[in-house]
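Trainee: only geometry, no sequence info:
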């Protein structure tokens, strides 16, 4: 028979591990499944906006949080989930390695991978000029030249934020017209620090130790210290979908104010959900994880165990 | 003329200081006003559920967070706010010390003081047996005897949670019938670990260094290691009220998913709001603060400054 848990958390990033800490403290028998715990937060070279840490690497912060969850009695197994099956009562979770676990509640916190350009130098200079989060990293580029790739809301908002720091902000967009909300487009179109280059794509990120320039497909090379890639995310929603969990138009899991999905006893938390008004931060993801755990603790489903 | 800020944050607890960190990083000129920064979090002897810190005192954690906000350029002034006045454009904030500050945006994060019993020993044994947060402190009472004061949802949920840890849970309630939701009442009424004492009030908390017993108004003395006082909160809403901010029936500030109140450019964050499904934790308050800041950054109101 499969090992039985109260809660299985799929995805061990900030949302999943925070949910784990809370579930553990609530004495719920809890398992976190993640091939590589820590989530996209571990990709951050330097985190300066998680309250309490003026500066810490993503790897170090998530290592602390993982240990914290383990201290609260949470079991963390480094495996990917292959399938979540709804049973008459509860769920069976199967891993890629063919292990099976049973549970009453599932929290899906599989995150939202930032979409990559897939160009030479992108990976090499990640955290050394290349960034996927302007809200996190803009302050590192005071008086520098930066470039933003994209033309939607995220890209244009990133550009506006960057004008508060950088001396010059390029927007590189493959189409011939920005497609953010009008008020945002106007802000950058009329901004003296912003230069928009339409119908262009970035083909290469170049540098030495840190990013120095980008090469466009029109052959032009632009000197820049920062390359903000804001072309959307790829929520990891295959498992949610197969359970029948409702998604919004951006493939995010629609959740209630207590992080419930449309499927009974299935919760969503973190970047993969519609919560926190779409503001994808470590602290917002952690908050969502804690709220889901509290709701699970309160759920009627567990009545029997209290008798 | 009054000093001019982009954002004035009233209340420097977890929500207010997290909002400060984010506003500071967004290059918004930001002032936090609080006679005693840190909020009710500083009353916690030992915090074990803020992800990343397995164990830290409330004073130490909030000291770190305050320094973090100051490092991001936030000005913190230790004064109470006397009045927030809406002007034609923006707001004027006056302190008890008759100082005046102007701003475009206000975040109200004045918190929610847990209601006290006002009995001898309550203050002395706070953090040494007396607690106002079962969700935070229940795990400290493994195999101990504890007592919960109150009979509403918070008290009954606290009792249920405590049955996961304590060997015996008293509920002391001044009325003759619990008034939580029926499903919750049933859980404790039928629970073998729970004993409900109706029509009784706690008159004294006694001990030596730590809590040892409580005395009821019927003369009975009960040996107990924990006294959880769950008789509601007192949101600090005078300032919000005078601005015309809408409150719910529990006197909490009603906020949207981006922490906006019904008054333009006035935000709420933390325990004083209806957000986070009412789960009042450090991490949820901080999340709310960050979301408010992000919405302020995005607000059209600041367009002029970007030209």
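Mentor: That came through, no problem. A quick note: this is a predicted structure, and the numbers were derived from the prediction, not measured. Residues are numbered from 1 along each chain as shown, chains lettered A, B, ... in the order given.
Trainee: C-alpha from now on. contacts and neighbour counts both.
Mentor: Noted.
Trainee: what residue ranges in chain A score low on pLDDT?
Mentor: For chain A, residues meeting the criterion pLDDT under 70 lie at A:1, A:300-307.
Trainee: run the last query once more with 50
Mentor: A:301, A:303-307 (pLDDT under 50).
Trainee: pretty sure residue A:22 is in contact with residue A:295, am I right?
Mentor: No - counting by C-alpha atoms under 8 Å, residue A:22 does not reach residue A:295; the two are 10.8 Å apart.
Trainee: which of those two has more neighbours?
Mentor: Higher neighbour count among residue A:22 and residue A:295: residue A:22, with 28 against 18, using other C-alpha atoms under 10 Å in any protein chain shown.
Trainee: do the strand or helix carrying the more buried one and chain B meet?
Mentor: If you go by DSSP states H and E, residue A:22 is part of helix A:14-25. Yes - using C-alpha under 8 Å from any C-alpha of the partner chain, we find that helix A:14-25 touches chain B at A:18, A:21, A:22, A:25.
Trainee: toward the C-terminus, what is the element adjacent to that helix?
Mentor: Next helix or strand after helix A:14-25 toward the C-terminus (DSSP H and E): strand A:30-33.
Trainee: list the contacts of the helix holding residue A:22.
Mentor: A:7, A:9-10, A:29-32, A:38-39, A:41, A:62, A:65-66, A:68-70, A:72-74, A:107-109, A:269-270, A:282-283, A:285-294, A:297, B:49, B:51, B:139 (C-alpha atoms under 8 Å, 6 or more residues apart in numbering or on different chains).
Trainee: which parts of chain A are helices?
Mentor: Assigned by DSSP state H, chain A shows helices spanning A:14-25, A:58-71, A:134-137, A:153-163, A:182-189, A:238-243, A:282-298, A:303-306.
Trainee: of all the ones you listed, which one is nearest residue A:94?
Mentor: Proximity to residue A:94 (C-alpha to C-alpha) singles out helix A:238-243 among the helices of chain A, at 10.9 Å.
Trainee: tell me which stretches of the stretch 101-250 of chain A form strands.
Mentor: Remark: strands assigned in the stretch 101-250 of chain A by DSSP state E, counting those that start in this stretch are A:112-114, A:130-131, A:145-149, A:168-172, A:194-197, A:202-208, A:210-216, A:221-223, A:226-229, A:233-235.
Trainee: could you dump these into TSV with distance to chain B added?
Mentor: Converted to TSV, the strands of the stretch 101-250 of chain A look like this (distance: least, C-alpha to the nearest C-alpha, whole Å):
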stretch	distance to chain B
strand A:112-114	18
strand A:130-131	16
strand A:145-149	16
strand A:168-172	13
strand A:194-197	11
strand A:202-208	26
strand A:210-216	22
strand A:221-223	24
strand A:226-229	16
strand A:233-235	19
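Trainee: any idea which of the ones you listed gets closest to residue B:276?
Mentor: For residue B:276, the closest of these is strand A:112-114, at 21.4 Å, according to C-alpha to C-alpha.
Trainee: quickly run through the sheet partners of that closest one, with directions.
Mentor: Counting by DSSP bridges, the strands paired with strand A:112-114 are strand A:233-235 (antiparallel).
Trainee: state the number of residues packed around residue A:283.
Mentor: Neighbour tally, residue A:283, other C-alpha under 10 Å: 28.
Trainee: OK, contacts around the spatially closest residue to it that is not a sequence neighbour?
Mentor: With C-alpha to C-alpha, 6 or more residues apart in numbering or on different chains as the criterion, residue A:283 has its nearest non-adjacent residue at 5.4 Å, and that residue is residue B:287. Shown in contact with residue B:287 (C-alpha under 8 Å, 6+ apart): A:276, A:283, A:284, A:287, B:15, B:18.
Trainee: residue A:218 now?
Mentor: A:200, A:201.
Trainee: distance of it from residue A:194?
Mentor: Distance from residue A:218 to residue A:194, counting by C-alpha to C-alpha, to the nearest Å: 20 Å.
Trainee: up against chain B, what does the stretch 1-150 of chain A have?
Mentor: Within the stretch 1-150 of chain A, the positions adjacent to chain B are A:18, A:21-22, A:25-27, A:49, A:51-54, A:61-62, A:64-65, A:68, A:71, A:135, A:139 by C-alpha under 8 Å from any C-alpha.
Trainee: again, only this time at 7 Å
Mentor: Within the stretch 1-150 of chain A, the positions lying close to chain B (C-alpha under 7 Å from any C-alpha of the partner chain) are A:18, A:21-22, A:25-27, A:49, A:51-54, A:61, A:64-65, A:68, A:139.
Trainee: count of neighbours near residue A:39?
Mentor: 24.
Trainee: chain neighbours aside, what residue packs nearest to it?
Mentor: residue A:13 (3.9 Å).
Trainee: please apply the same query to residue A:131.
Mentor: Nearest residue to residue A:131 in three dimensions, chain neighbours excluded: residue A:228, at 4.9 Å (C-alpha to C-alpha, 6+ apart).
Trainee: that neighbour touches residue A:148, doesn't it?
Mentor: Yes - the pair residue A:228 and residue A:148 passes the contact test of C-alpha atoms under 7 Å, sitting 4.6 Å apart.
Trainee: with neighbour numbers in mind, choose between those two.
Mentor: residue A:148 (27 against 24).
Trainee: ok, now which ones touch that one?
Mentor: When contacts are counted by C-alpha atoms under 7 Å, 6 or more residues apart in numbering or on different chains, residue A:148 touches A:155, A:159, A:170, A:171, A:172, A:227, A:228, A:229, A:230.
Trainee: hmm, which two among the residues you listed are most spread apart?
Mentor: A:170 and A:230 (12.8 Å).
Trainee: who's more crowded, these two?
Mentor: Per other C-alpha under 10 Å, whichever of residue A:170 and residue A:230 has more neighbours is residue A:230, with 26 against 22.
Trainee: wait, what's in contact with the more buried one?
Mentor: Shown in contact with residue A:230 (C-alpha under 7 Å, 6+ apart): A:132, A:148, A:149, A:150, A:154, A:155.
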